[in-house]
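Novice: Output the structure for:
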Amino acid sequence: MILKGINNAINELDKSNVAFISELILAEMEFFSPCVPPTDHYKLEFNHRDLITIRGRVYDRMKYFSYKQKVGVECVLPEPSDIQEDDIESFHPIKPTVGKIYLACVYNDVSHVDKLIELEKSEIDQVVKKANEKRRSSLC
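Specialist: Purely as a prediction, here's the structure:
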């Protein structure tokens, strides 16, 4: 599931071996696995010219990344009257969108993005600043 905002970005950085911020320039759904819950599998490409490395290292040859997300949380949707407006995204998660800016978090496999966090342009500097503060405090 794609997360949003600075707080989610900072929380996911601690789990990541590699993390970077960039504009998504390709989001191609490769296949759909009919498991329970169903899962979409994507091929992602990020803009390397404007890429900001937060943790680890991103090489030019790291052009494409795989990414997967569950299509929904539940197999049977509840009654519309039982759903709060804030809960709707959890039933139909946001799909990766070309042109948006994401923090991409890679845990182990450098060809697979484990978490995507959508950021606004105005949030980028704050995420970089907080990541640098955390890095400095862990060195002391």
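
Novice: can you give me the strands for the protein?
Specialist: Remark: strands assigned in the chain by DSSP state E are 3-4, 18-33, 39-46, 52-55, 64-70, 101-106, 115-119.

Novice: Output those strands as a markdown table; include the columns mean pLDDT, distance to Lys95 and mean neighbour count.
Specialist: Quick note: C-beta positions are derived from backbone N, CA and C, even for glycine. Shown next, in a markdown table, are the strands of the chain (pLDDT from 0 to 100; distance: least, CB to CB, whole Å; neighbours: other CB atoms under 10 Å):
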| stretch | mean pLDDT | distance to Lys95 | mean neighbour count |
| --- | --- | --- | --- |
| strand 3-4 | 94 | 13 | 18 |
| strand 18-33 | 90 | 7 | 16 |
| strand 39-46 | 93 | 7 | 18 |
| strand 52-55 | 95 | 23 | 17 |
| strand 64-70 | 92 | 8 | 16 |
| strand 101-106 | 97 | 12 | 24 |
| strand 115-119 | 97 | 10 | 23 |
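
Novice: Output those as JSON lines; include the columns distance to Lys130.
Specialist: Converted to JSON lines, those look like this (distance: least, CB to CB, whole Å):
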{"stretch": "strand 3-4", "distance to Lys130": "15"}
{"stretch": "strand 18-33", "distance to Lys130": "12"}
{"stretch": "strand 39-46", "distance to Lys130": "21"}
{"stretch": "strand 52-55", "distance to Lys130": "10"}
{"stretch": "strand 64-70", "distance to Lys130": "24"}
{"stretch": "strand 101-106", "distance to Lys130": "11"}
{"stretch": "strand 115-119", "distance to Lys130": "12"}
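
Novice: nearest to Lys129, of these?
Specialist: Closest of the strands of the chain to Lys129 is strand 52-55, at 10.9 Å (criterion: CB to CB).

Novice: Sounds good, over and out.
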